[in-house]
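In: Sequence first, predicted model second:
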Amino acid sequence: MDWNNKVVLITGSSIGIGRELAAQLLDKGARVVLNARNAGRLSQTLQAFQEQGYQGIAAVPGDVSKPADCARLVEAAQQHFGRLDVVVNNAGISAEGDVGELSPEVFRKVTEVNYLGSVYVTQQALPYLRQNRGTVFFVSSIAAFRGLPGHAVYSASKVALKTLSEALRVEEERHGVHVGIAFVGFTENDPQKAIYDKDGVLIPQPARDFVRQEPVGGVAARIIRMIERREARRIFTLLGKLNGFANLFMPAVAGRILRRSYHQRKMGG
Ligand SMILES: NC(=O)c1ccc[n+]([C@@H]2O[C@H](COP(=O)([O-])OP(=O)(O)OC[C@H]3O[C@@H](n4cnc5c(N)ncnc54)[C@H](OP(=O)(O)O)[C@@H]3O)[C@@H](O)[C@H]2O)c1
C-alpha cells in the first residue's frame, strides 16, 4: 500500500499509541489529522512533528464523546486535505474500581469515550471512506476477552467495539470499506498517561513493572501492517494470545487466574 498522500484521522493522538501511529504514518508519507481534548498538549505534539520536518498535518482539538466535535473532526480532514482514507478510533480512557463503588459518572464517561466516541467518528467518516474504499480501524484491548474485576467498565467498552466492528464489517462489505480491530495487549505507558479512579479523579500511571509490555513502536507498526493488508482482527502479544485461547477453550482456568490476582490485589499482595 502506498501511503503517499493518503489521509489518516487518528483520534486521541497527542500522546501514547496514537501519537506513535501518527509519527510512523508521517514517515511513510501519509497526511495525518491529529486529535485530542487538551488543545495545549495537542499543539505541542503538532509543533514537535513540524520541528522534525514533517508536513501534511492538521491538529483538531475535540472530544469524541460529543457528536458535534466528531463532525468537525471529519470535516477538518476534508477542508485540509480534500479526502479521507483511514480512520483509527484510538482515543480511549480507563478507570479502576469495582462495579459497586465506581461512580455512575465514571461509568458514563468511559462508555461515552471508548464506545460511543468510536461510533460517532465512524458514522461521520463512512460517506468519505466509501468514496476511497478506505479503512475504519478500532483499537480494542485484550481486556475485551473477559470482564476484568476492578476494570469492568473498561472491559465492557472494549468488548462493545468487538461487536460493533463485526456488524460494521458485513454492512460495509458492499461499499468496499475495510473494518479492522486490534486487541492490544499491555503496552508501555506514555509518561503523561493517567486513568480515572472510582470517583473520577485522574491518577497518573507510572510505568508498570508487573508485566511484560510491548513498546508503542511495535504496537503502531502492527496496526499499520493490519491496515495495509486489510486484516479483520488480530490479538497482539503472546500474553494476549494466551489470554484469548484460555478464555475460549479453558474458561474455568482463566477465571481462576483472574480471581486469584484480583483477591491478591485487594489484599495488597
Ligand atoms: N496502553 C495500553 O497498555 C493499552 C492496552 C490495550 C489497549 N489500549 C488502547 O489503546 C488506545 C490508546 O491507549 P494509550 O495507552 O496510548 O492512551 P493514552 O496514552 O492515555 O492516550 C490517550 C489519548 O487519547 C486522548 N483522548 C482521551 N479521551 C479523549 C476524548 N474524549 N476525545 C479525544 N481524545 C481523547 C488523550 O488526550 P486528551 O486527554 O487530551 O484528550 C490522548 O491523546 C486506547 O483506546 C486504549 O484503551 C491501550
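Out: Happy to help now that I have it.
In: confidence score at Pro206?
Out: Per-residue pLDDT puts Pro206 at 69.
In: what's the distance between the residue positioned nearest the centre of the chain and the ligand?
Out: Geometric centre of the chain, nearest residue: Asn90, 2.6 Å, by Cα atoms, centre = their mean. Using Cβ to the nearest ligand atom, to the nearest Å, Asn90 is found at 5 Å from the ligand. Quick note: C-beta positions are derived from backbone N, CA and C, even for glycine.
In: Ok, Leu21 next?
Out: For Leu21, the distance to the ligand (Cβ to the nearest ligand atom) stands at 9 Å.
In: ditto for Arg212
Out: From Arg212 across to the ligand, the span is 11 Å (Cβ to the nearest ligand atom).
In: now Val119
Out: Distance of Val119 to the ligand, given as Cβ to the nearest ligand atom: 13 Å.
In: you'd agree that residue is up against Thr163?
Out: No. The pair Val119 / Thr163 is not scored as a contact, 11.5 Å apart, by Cβ atoms under 8 Å.
In: of these two, who's got more company?
Out: Val119 (18 against 11; other Cβ atoms under 10 Å).
In: Quick one: residues contacting that one.
Out: Shown in contact with Val119 (Cβ atoms under 8 Å, 6 or more residues apart in numbering): Leu164.
In: which element is it on?
Out: Assigned by DSSP states H and E, Val119 falls within helix 117-131.
In: Pull out the buried residues from that helix.
Out: For helix 117-131, burial by neighbour count (16 or more other Cβ atoms under 10 Å) applies to Gly117, Ser118, Val119, Tyr120, Val121, Thr122, Gln124, Ala125, Leu126, Tyr128, Leu129.
In: Relative to the ligand, which of these is nearest.
Out: When the buried residues of helix 117-131 are compared for distance to the ligand (Cβ to the nearest ligand atom), Gly117 wins out at 5.6 Å.
In: wait, doesn't the closest one sit right on Asn35?
Out: No. Counting by Cβ under 8 Å, Gly117 stays clear of Asn35, with 10.3 Å between them.
In: between those two, what contacts are shared?
Out: Residues touching both Gly117 and Asn35 (Cβ under 8 Å, 6+ apart): Thr11, Val64, Ala91.
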